[in-house]
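Novice: just coords:
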């Protein structure tokens, strides 16, 4: 009897005896399941893992290292905005004004009127604050001004919380450059400097580690301050240290964290900061880094990040597909090489995203922790379709301050009032 006849008889038997067929199928299913379960059974992990807690030095993590704080975010947002005031001017902007008006000729009425108009506007806006006035403003809020720094186009100040019965801490606040956002995309200094196998933005790196004043860089000056007696506790340890800045100031704060405060009791808070370097550049940082981004702010999206890799692959493919034309293929290869020069920039830090609100309705703002990139991309383009000015408006430090203050109040004021 052939196999086909046997199979036909067996099939007829199963069709006429449904319970029997169900039992046979279940039996074979059980055997198969059991076989594959046996094949996939876990083996002992004793030899794979080894002993537990083999390194006793790893059992004492830094319990005091700060996590994200709404109140600290508020303090540092105020400091970041305060860094924009031009404290690097003469000891009194009134003295500067008198000198300027004396230099004018009395018969040039229009010039004098223009000068007085500009001076009164600056005085009202408070943009020409002297070091003395900065010191008084900080003192009024319980901070001592330790130092101001002014090297070429980079400015910063260092202060210390000094209130009786409170833990003292240090703040380093860097100034940003809101007026030159458009330059960052085309400026030659956006090209990276190679540091070993890593990349860092040349302009930011120069501002922090290369540009000098009397032979000292910002890095040198800050290093000396952090070693001084006023920056140390009674036990000789560095006080808790917080670094901050908005826009370019955030980039400098991140570089300062890497080179001067990579493992401290403190944190780095940046506001609307651009990308600074490649992933590997920040490998040694243990200090928490929190990067706060406001809705559709354009600056955190420059220099280009992962999208450069997509364009590189696109131009590479186009160069291959257009190989029938040498000139066209070379054109795409040149584009690929140009994009490759900007490739590698990535953000570093724990993202805190401030949601968009209707104009003036800051009470509606929410603070989101690390929302998915696809959501942020959708929100970004939604804002652009609403108004092309949204990405620039969202970069305003004043808006950052108001939103962060609202979040801090919503999450802390009830608790504080109960104390």
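Specialist: It's in. Quick caveat, the model's predicted, so the values are computed rather than measured.
Novice: residue boundaries of the helices in the stretch 201-350 of the chain?
Specialist: 202-205, 218-227, 248-260, 307-321, 326-342 (DSSP state H, counting those that start in this stretch).
Novice: among these, show me which one is buried the most.
Specialist: Counting by mean count of other Cβ atoms under 10 Å, helix 248-260 has the highest mean neighbour count of those, with a mean of 26. No exception for glycine: its C-beta is placed from N, CA and C like everyone else's.
Novice: what residues does residue 158 make contact with?
Specialist: With contacts defined as Cβ atoms under 8 Å, 6 or more residues apart in numbering, the neighbours of residue 158 are 145, 146, 147, 148, 149, 170, 171, 172, 173, 222, 225.
Novice: what's the closest of these to residue 248?
Specialist: Within the contacts of residue 158, the smallest distance to residue 248 is 12.6 Å, found for residue 173 (Cβ to Cβ).
Novice: what sits up against the helix or strand hosting that closest one?
Specialist: Using DSSP states H and E, residue 173 sits within strand 170-174. Taking Cβ under 8 Å, 6+ apart as the criterion, the residues outside strand 170-174 that touch it are 75-76, 79-80, 82-83, 143, 146, 154-161, 222, 226, 231, 238-245, 248-250, 252-253, 256, 266.
Novice: mind running it again at 6 Å?
Specialist: Strand 170-174 is contacted from outside by 79-80, 83, 156-160, 231, 239, 241-245, 249, 252-253, using Cβ atoms under 6 Å, 6 or more residues apart in numbering.
Novice: quick one: low-confidence parts of the stretch 251-400 of the chain?
Specialist: 383-391 (pLDDT under 70).
Novice: those strands in it, which residues are they?
Specialist: Counting by DSSP state E, counting those that start in this stretch, the stretch 251-400 of the chain has strands at residues 266-271, 289-294, 350-354, 367-369.
Novice: just say which of these is most tucked in.
Specialist: Compared across the strands of the stretch 251-400 of the chain, strand 266-271 shows the largest average neighbour count, a mean of 29 (mean count of other Cβ under 10 Å).
Novice: quick one: work out the angle between it and strand 289-294.
Specialist: Using axes from the mean of the first three to the mean of the last three Cα atoms, to 10 degrees, one finds that strand 266-271 and strand 289-294 are set 20 degrees apart in direction.
Novice: tell me what strand 266-271 is packed against?
Specialist: Contact here means 3 or more Cβ pairs under 6 Å, 6 or more residues apart in numbering; DSSP states H and E; on that basis strand 266-271 packs against helix 70-82, strand 241-246, helix 248-260, strand 289-294.
Novice: any chance of those in a markdown table, plus distance to residue 356?
Specialist: What follows is those, written out as a markdown table (distance: least, Cβ to Cβ, whole Å):
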| stretch | distance to residue 356 |
| --- | --- |
| helix 70-82 | 18 |
| strand 241-246 | 19 |
| helix 248-260 | 20 |
| strand 289-294 | 8 |
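Novice: counting neighbours, what do you get for residue 298?
Specialist: Using other Cβ atoms under 10 Å, residue 298 is surrounded by 20 other residues.
Novice: oh sorry, the question was meant for residue 235
Specialist: In terms of burial, residue 235 registers 5 neighbours under the definition other Cβ under 10 Å.
Novice: give the contact list for the residue sitting nearest the centre point of the chain.
Specialist: Centroid-nearest residue in the chain, with Cα atoms, centre = their mean: residue 291, separated by 3.4 Å. Contacts for residue 291 (Cβ under 6 Å, 6+ apart) come out as 270, 273, 349, 351.
Novice: for those residues, which one is nearest residue 396?
Specialist: residue 273 (14.4 Å).
Novice: ramachandran angles for that closest one?
Specialist: When read as degrees, to the nearest 10, the backbone of residue 273 gives phi -90, psi 150.
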